[in-house]
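In: Sequence first, predicted coordinates after that:
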Amino acid sequence: MAPVIQTLGLTKHYGGHRGIEQVEFEVAAGEVFGFLGPNGAGKTTTIRILLDTVRATAGTARIFGLDSRSDSVAIHRRVGYLPGEFSLYDRLTGRETVDYFSKLHGGVDRAYQAQLAERLDVDLSRRYRDYSRGNKQKVALITALQHRPDLLVLDEPSSGLDPLGQQTFLALLREAREDGRTVFLSSHVLDEVRRSCDRVGIIREGRLETVAPVDQLRDMAHHEVELRFAGAVTAAEFESLPGVSIVTATDHELHLTVTGEMDPVVRAAARHHLIDFTSREPSLEEFFLAHYRAGTAAADDRG
């Protein structure tokens, strides 16, 4: 089956400023593809080229086998898009907003539209200007989902959502995949990506560095772990464990950086009188710093 999204040599220059350079990837039908990178890495530029709101300097992008530039009207009929910054007329109600977008697609199933509003717990009778940031994001999600598009392109979709809203969003993503629809997801939430995506692409400074199954993202991620014991414990016992790269000891406490599975650390800690165990997942920015640092070290070793 032909890929839903395919890019070849995709490049965008903004005068003397970097955009993206030779970005190439494919997204299969029915796949949830995560597109990750720090701010300014080129995520939004790539999305805008895919949707023909920005023209590439070089290279091509095809969606559903169609050219993203010359066939953009046909492509847009089958796409649900949530931009990173969603805004509309403040005087419109939430219902008028979603209805406006439904008409662009020739109408939608009203029952499904109402179901989305109920599940996301948003009152569509209120004016857009009166919504909180989270409720504005929920309205934006409804506009992207309500016509059951073949392809969802979502730029930071859970931004501003509360924990319950995030859970509902993840459930909606799972349902889209079960229906055979395809999702292209740009996100800053590492846990969201790990729980929802099949594969991820990591972009840095405009260049695509890695495309890998999401399981490899789990292996690359690290946790900051603090262990507090009733008595003294030597750091050496933990330094030799797989995945443990940094160990510092203070009184009866150990501070570890753990990459991959936590089981070896848990088993070692259980041999002592453990009072407290704290594990903190890194932010996406911390993850990128660690990932890039490891890549630079590996390049230096090869050199």
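Out: Yes, it's here.
In: Do you have the helices of this structure handy? List them.
Out: 43-50, 72-76, 94-104, 110-120, 133-145, 163-178, 190-196, 214-220, 236-239, 263-269, 284-302 (DSSP state H).
In: isn't residue 213 right up against residue 201?
Out: No: judged on C-beta atoms under 8 Å, residue 213 makes no contact with residue 201 at a distance of 11.4 Å. For glycine as for every other residue, the C-beta is placed from the backbone atoms N, C-alpha and C.
In: one step back: CSV for the helices of the chain, including mean neighbour count and mean pLDDT?
Out: What follows is the helices of the chain, written out as CSV (neighbours: other C-beta atoms under 10 Å; pLDDT from 0 to 100):
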stretch, mean neighbour count, mean pLDDT
helix 43-50, 22, 94
helix 72-76, 15, 94
helix 94-104, 17, 93
helix 110-120, 15, 95
helix 133-145, 22, 94
helix 163-178, 16, 93
helix 190-196, 18, 81
helix 214-220, 15, 71
helix 236-239, 14, 90
helix 263-269, 16, 92
helix 284-302, 13, 57
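In: Including distance to residue 56, could the ones you listed go into a markdown table?
Out: Listed next are these as a markdown table, based on distance: least, C-beta to C-beta, whole Å:
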| stretch | distance to residue 56 |
| --- | --- |
| helix 43-50 | 5 |
| helix 72-76 | 12 |
| helix 94-104 | 25 |
| helix 110-120 | 33 |
| helix 133-145 | 23 |
| helix 163-178 | 27 |
| helix 190-196 | 26 |
| helix 214-220 | 27 |
| helix 236-239 | 49 |
| helix 263-269 | 46 |
| helix 284-302 | 25 |
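In: Between the ones you listed, which one is closest to residue 29.
Out: helix 163-178 (10.6 Å; C-beta to C-beta).
In: So which other helices or strands are in contact with that closest one?
Out: If you count contacts as 3 or more C-beta pairs under 8 Å, 6 or more residues apart in numbering; DSSP states H and E, helix 163-178 packs onto strand 32-36, helix 110-120, helix 133-145, strand 182-186, helix 190-196.
In: now the ones you listed in JSON lines, with distance to residue 8?
Out: Formatted as JSON lines, these follow (distance: least, C-beta to C-beta, whole Å):
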{"stretch": "strand 32-36", "distance to residue 8": "16"}
{"stretch": "helix 110-120", "distance to residue 8": "35"}
{"stretch": "helix 133-145", "distance to residue 8": "27"}
{"stretch": "strand 182-186", "distance to residue 8": "16"}
{"stretch": "helix 190-196", "distance to residue 8": "25"}
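In: what's the closest of these to residue 268?
Out: helix 190-196 (24.9 Å).
In: Going by contacts, tell me the helices and strands next to that closest one.
Out: With contacts taken as 3+ C-beta pairs under 8 Å, 6+ apart, helix 190-196 sits against strand 32-36, helix 163-178, strand 182-186, helix 214-220.
In: just so I know, which of the helices and strands packed on helix 163-178 lies nearest residue 276?
Out: Here helix 190-196 is closest among the helices and strands packed on helix 163-178 (C-beta to C-beta), at 22.5 Å.
In: domains for this structure, by residue range?
Out: For the chain, automatic domain parsing gives the domain ranges 5-218, 222-280.
In: from the middle of its chain, how far away would the first one be?
Out: In other words, domain 5-218. 10 Å (C-alpha atoms, centre = their mean, to the nearest Å).
In: Check the last one too.
Out: Distance of domain 222-280 from the chain centroid (C-alpha atoms, centre = their mean) equals 30 Å.
In: before we move on, back to that, ok, which of the helices and strands packed on helix 163-178 comes nearest residue 93?
Out: So among the helices and strands packed on helix 163-178, helix 133-145 is nearest, using C-beta to C-beta, at 9.6 Å.
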